[in-house]
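Student: coordinates only, no sequence provided:
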């Protein structure tokens, strides 16, 4: 009986039985016989609540009850069944056939569902069919474009919405500001700011979006003005303003703002500290970076992937890879980002063995390398000239489908540095879209590996392909010209640099030109370039010092060194190598000893093997061979082949074949498979007319399968090279 005392209809009794036994499919067969609206809706509500209504019931329900509008709960239930894009498209088709998409809420929900599956094309298609979208519809389409990082169309949607509606809220403002920020659209961002002021009552998210937008558009003063206007600043507001300073190369101001943030008792989070660590990296501020590291440990802040990567980059940039490895080893779960950052840090700090060792542990860390990892490993193989391992990694990159330019350019550089020019060219030819970066990669690599002539040929091919050279290209071809002593060709590049305005605006081009003229024996032109440069790096000063030294003008080198000290510039290891080399070439022993002492006493630097080699060369050239040998035996660093080569050169100049034989034997101990050292030994014995020893050395070379590499010379006469460019137009 029902609550009014009457008996229940037989169909309703069956309904309760079937619901109890969860035989919902049979219920759908009974709905034709049930004509009471309350019962119909009660049945639907129960099925929706228990998620047991068949998907194919929707069109049937509408056909059999066209006089009954579908309740909202039915819509929501069927939407909840769309767990994949195919089901959603099937449901969309049903709704279109039944004419239900004319309902605004239905179309808006479809837009949202397509957006959730990342199908913005279909979401846009549905949205464009809505005759008069309301604010919710606009908000939904903007939201999903925002969540899918498709920022280009968001501003267009917003402007269309402003034409139709006068309504807006802080959520939409935040999304549009982010779009302007990512696209660096300052004009639209400023218009949105005006509308925010007009609407009034912006929340902290809108203020933060404005700070970020102005900062990324390079308007840091506007960004700071908005930041100061916001009286309800949270950690995100502070982080955004600090990030703005760092992005605009005002990292020191970012660190100062962090101190003010602490004074206002705002606790930093992982994002804030990651930005600050990045600021320290930009400044090379190792001490401040270590303080931040200690601060986050003290505050108990968890080392997430973003923060770990920032710390690894900081320590690697500052050359303390041991500290970077300590951070890496403390990780509980190694991900691809931190693993790659550690490998890159090793590679950039001249630790290729450690980089490769960590890379070969990829099975243990259970991650697959990405394009940055592969490129960094190729760089490590280049440093070690490890051709076999590099080929293996090349195979791995093919297997992984790595086709990013960063990988192919690194691969070209690797093969070129291993003197495998044919392989380098093959990889280069596989690049379908060869831009200036790709051309620079192979031209630079060939210029550095002694294939200067090929580098200039490649430059000619690059120009035939209508690719415009940039500053990096000019640096590479000028280096090639310097190697070939091709003064006329290099002068044409000089003219091109002036025409393009690269000489005055780029310190690297100026330094390359200076070095080119110095190596070609034109110290006067080198000095003109040097004096005309507005900005001079330590490399520039070093090149000018070396240029005078090559010409045997030691006094000129010392004069430039003195000018550098007067300019209150601190000489680094490279500068001392150049000035000591200049002293060596001109026999200035007293000045050389004084400068060598300055390295430790005045500038707190540790002399490198190059500095010791310069001193050995200085003493050996002057005939002080026993003093040089005593210096070698007492030096705290292990001598290398270059050092013994400098000593051998002095022995040859002063006919001390006994000491020269000692030097060559030490060189062979270090590199027993190098034919050039056997050739040096033959030349030494030949100079002493020890022909029997010459024969013994040649027999030893045959037994070991060593052959002398044929040499060649190139001189520039009063004729054009076939790689020269007689007119500046050929370069433009």
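Tutor: In hand now; what should we look at? Just so we're clear, the structure is a prediction, and the values are computed from it rather than from any experiment.
Student: now residue 205, what's its secondary structure?
Tutor: Under the three-state scheme (DSSP: H, G, I helix; E, B strand; the rest coil), the conformation of residue 205 reads as helix.
Student: can you get me a residue count around the closest residue in space to it that isn't next to it in sequence?
Tutor: Sequence neighbours aside, residue 174 is the residue nearest to residue 205 in space, at 4.8 Å (criterion: C-beta to C-beta, 6 or more residues apart in numbering). For glycine as for every other residue, the C-beta is placed from the backbone atoms N, C-alpha and C. Neighbour count for residue 174, taken as other C-beta atoms under 10 Å: 21.
Student: where does residue 174 fall, secondary structure wise?
Tutor: Of the helices and strands defined by DSSP states H and E, residue 174 is found in helix 170-182.
Student: swap in residue 643?
Tutor: Residue 643 is part of helix 641-653, with elements assigned from DSSP H and E.
Student: next, the buried residues of the next helix or strand after that helix.
Tutor: Past helix 641-653, further along toward the C-terminus, the next helix or strand under DSSP H and E is helix 657-670. For helix 657-670, the neighbour count (16 or more other C-beta atoms under 10 Å) marks 657, 659-664, 666-668 as buried.
Student: let me have those residues in a markdown table, extended by distance to residue 636 and pLDDT.
Tutor: A markdown table is the format used below for those (distance: C-beta to C-beta, whole Å; pLDDT from 0 to 100):
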| residue | distance to residue 636 | pLDDT |
| --- | --- | --- |
| 657 | 29 | 80 |
| 659 | 22 | 85 |
| 660 | 25 | 81 |
| 661 | 26 | 81 |
| 662 | 21 | 84 |
| 663 | 20 | 82 |
| 664 | 24 | 78 |
| 666 | 18 | 84 |
| 667 | 21 | 79 |
| 668 | 24 | 78 |
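Student: still on that earlier bit, contacts for the helix holding residue 643, please.
Tutor: Helix 641-653 has contacts (C-beta atoms under 8 Å, 6 or more residues apart in numbering) with 609-610, 612-614, 616-617, 619-623, 625, 628-629, 632, 656-657, 659-660, 663-664, 666-667, 670-671, 677, 680, 683-684, 687.
Student: drop anything exposed from those residues.
Tutor: The neighbour-count test (16+ other C-beta under 10 Å) marks 610, 612-614, 616-617, 619-622, 625, 628-629, 632, 656-657, 659-660, 663-664, 666-667, 677, 680, 684 as buried among the contacts of helix 641-653.
Student: what mean pLDDT does the helix or strand hosting residue 292 get?
Tutor: Secondary structure assigned from DSSP H and E places residue 292 in helix 286-298. Mean pLDDT, helix 286-298: 89.
Student: going forward, count from 5.
Tutor: Right, with 5 as the first residue, what we last looked at is helix 290-302.
Student: give me the contact list for it.
Tutor: 259, 277, 280-281, 284-285, 307, 311, 315, 318-319, 322, 324, 327, 331.
Student: the same query, at a cut-off of 7 Å, please.
Tutor: Defining contact as C-beta atoms under 7 Å, 6 or more residues apart in numbering, one finds that helix 290-302 is touched by 259, 277, 280-281, 284, 315, 318, 322, 324.
Student: with stretch 156-175 instead?
Tutor: Residues lying outside stretch 156-175 but in contact with it, judged by C-beta under 7 Å, 6+ apart, are 139, 142-143, 145-146, 149-150, 179-180, 183-184, 187, 189, 192, 203, 206-207, 209-210.
Student: buried residues in that stretch?
Tutor: By neighbour count, and taking 16+ other C-beta under 10 Å as the criterion, the buried residues in stretch 156-175 are 158-159, 161-162, 165, 172, 174.
Student: contact partners for the residue most central in space within the chain?
Tutor: Residue closest to the average C-alpha location in the chain (C-alpha atoms, centre = their mean): residue 376, at 7.6 Å. Contact analysis of residue 376 by C-beta under 7 Å, 6+ apart lists 344, 348, 410.
Student: with pLDDT and secondary structure as new columns, can those residues be given to me in TSV?
Tutor: Conversion of those to TSV gives the following (pLDDT from 0 to 100; DSSP: H, G, I helix; E, B strand; the rest coil):
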residue	pLDDT	secondary structure
344	90	helix
348	92	helix
410	90	helix
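Student: host element of residue 237?
Tutor: Assigning secondary structure by DSSP H and E places residue 237 outside every helix and strand.
Student: repeat for residue 354
Tutor: Assignment of secondary structure by DSSP H and E places residue 354 within no helix or strand.
Student: and it, how far from residue 319?
Tutor: In this view, residue 354 and residue 319 are 15 Å apart by C-beta to C-beta, to the nearest Å.
Student: who has more neighbours, these two?
Tutor: Set side by side, residue 354 and residue 319 show unequal neighbour counts under other C-beta under 10 Å, the larger going to residue 319 at 28 against 13.
Student: quick one: the more buried one and residue 329 touch, right?
Tutor: No. Between residue 319 and residue 329 there is no contact, the gap being 8.5 Å when judged by C-beta atoms under 7 Å.
Student: before we move on, the earlier item: which of the contacts of stretch 156-175 are buried?
Tutor: Neighbour counting by 16+ other C-beta under 10 Å classes 142-143, 145-146, 149-150, 179-180, 183-184, 187, 189, 192, 206, 209-210 among those as buried.
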